[in-house]
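> coordinates for the following, if possible.
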Amino acid sequence: MQSFVYPAKLTPEKGGGFTVQFPDLPEAITSGKNRADALLQAADCLEEAVAGRIADGLDVPVPRVARRKHIQVTLPAPMAAKAALYLAIQEAGLTNSELGRKLGLDEKEIRRILDPRHATRLARIQTVLDFLGKRLVVSLESSAKVA
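Below you'll find the model as predicted:
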């Protein structure tokens, strides 16, 4: 089962604030004026890094196991669904055109579904995942409150 919870290193900055870095996504670096702000910025940064990788046709890495000194940052759900679909299509070895033909859709529709900036309905993503033999599972966990 693929999870989209990435470990991040939270480093205090001189003079206050924190820097956040993701070992799995070296391009994803952000900061915040305090711990709470840094965690909010981290989720946004993670989303942008994954969106950029999808848009550029690059690998979306499987998150490594977090070390004790790492925090866990969850990819926002809409982007996690897009990333899951992107990975499923790669795993199937299909091009957008091939997938479109198999689903009776235009290749442009497949591109829109995969577009990180296009607001695709979850049901649409699930339909394509079902076709690819994948199931999207949503879970709910308690999280630490941000003060």
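
> what about the strands in the chain?
Using DSSP state E, the strands found in the chain span residues 5-12, 18-22, 25-32, 70-74.

> ranking those by mean neighbour count, which comes first?
Greatest average neighbour count among these goes to strand 18-22 (a mean of 21), per mean count of other C-beta atoms under 10 Å. In short, each C-beta sits where N, CA and C put it, glycine included.

> what is the mean pLDDT for that one?
Model confidence over strand 18-22 averages 97 on the pLDDT scale.

> quick one, it and strand 5-12 angle?
Orientation of strand 18-22 against strand 5-12 (axes from the mean of the first three to the mean of the last three C-alpha atoms, to 10 degrees) gives an angle of 150 degrees.

> and for strand 18-22, what's in contact with it?
Strand 18-22 is contacted from outside by 6-13, 28-32, 34-35, 38-39, 41-42, 45-46, 49, 73, using C-beta atoms under 8 Å, 6 or more residues apart in numbering.

> restricting to C-alpha, output the top helix by length along the chain in PDB.
The residue-count maximum for a helix in the chain (DSSP state H) belongs to helix 35-55. Provided in PDB are the C-alpha atoms of helix 35-55 (Å, rounded to 0.1, in the frame of the first residue of the first chain):
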ATOM      1  CA  ARG A  35       7.200  25.700  14.500                       C
ATOM      2  CA  ALA A  36       3.400  25.900  13.700                       C
ATOM      3  CA  ASP A  37       4.000  28.100  10.700                       C
ATOM      4  CA  ALA A  38       6.900  25.900   9.500                       C
ATOM      5  CA  LEU A  39       4.500  22.900   9.600                       C
ATOM      6  CA  LEU A  40       1.900  24.700   7.600                       C
ATOM      7  CA  GLN A  41       4.500  25.800   5.000                       C
ATOM      8  CA  ALA A  42       5.800  22.200   4.900                       C
ATOM      9  CA  ALA A  43       2.500  20.800   3.700                       C
ATOM     10  CA  ASP A  44       2.300  23.400   1.000                       C
ATOM     11  CA  CYS A  45       5.900  22.900   0.000                       C
ATOM     12  CA  LEU A  46       5.400  19.100  -0.200                       C
ATOM     13  CA  GLU A  47       2.300  19.600  -2.400                       C
ATOM     14  CA  GLU A  48       4.100  21.900  -4.800                       C
ATOM     15  CA  ALA A  49       7.100  19.600  -5.100                       C
ATOM     16  CA  VAL A  50       4.900  16.600  -5.900                       C
ATOM     17  CA  ALA A  51       2.800  18.700  -8.300                       C
ATOM     18  CA  GLY A  52       6.000  19.800 -10.000                       C
ATOM     19  CA  ARG A  53       7.200  16.300 -10.400                       C
ATOM     20  CA  ILE A  54       3.900  15.100 -11.900                       C
ATOM     21  CA  ALA A  55       3.800  18.100 -14.300                       C
END
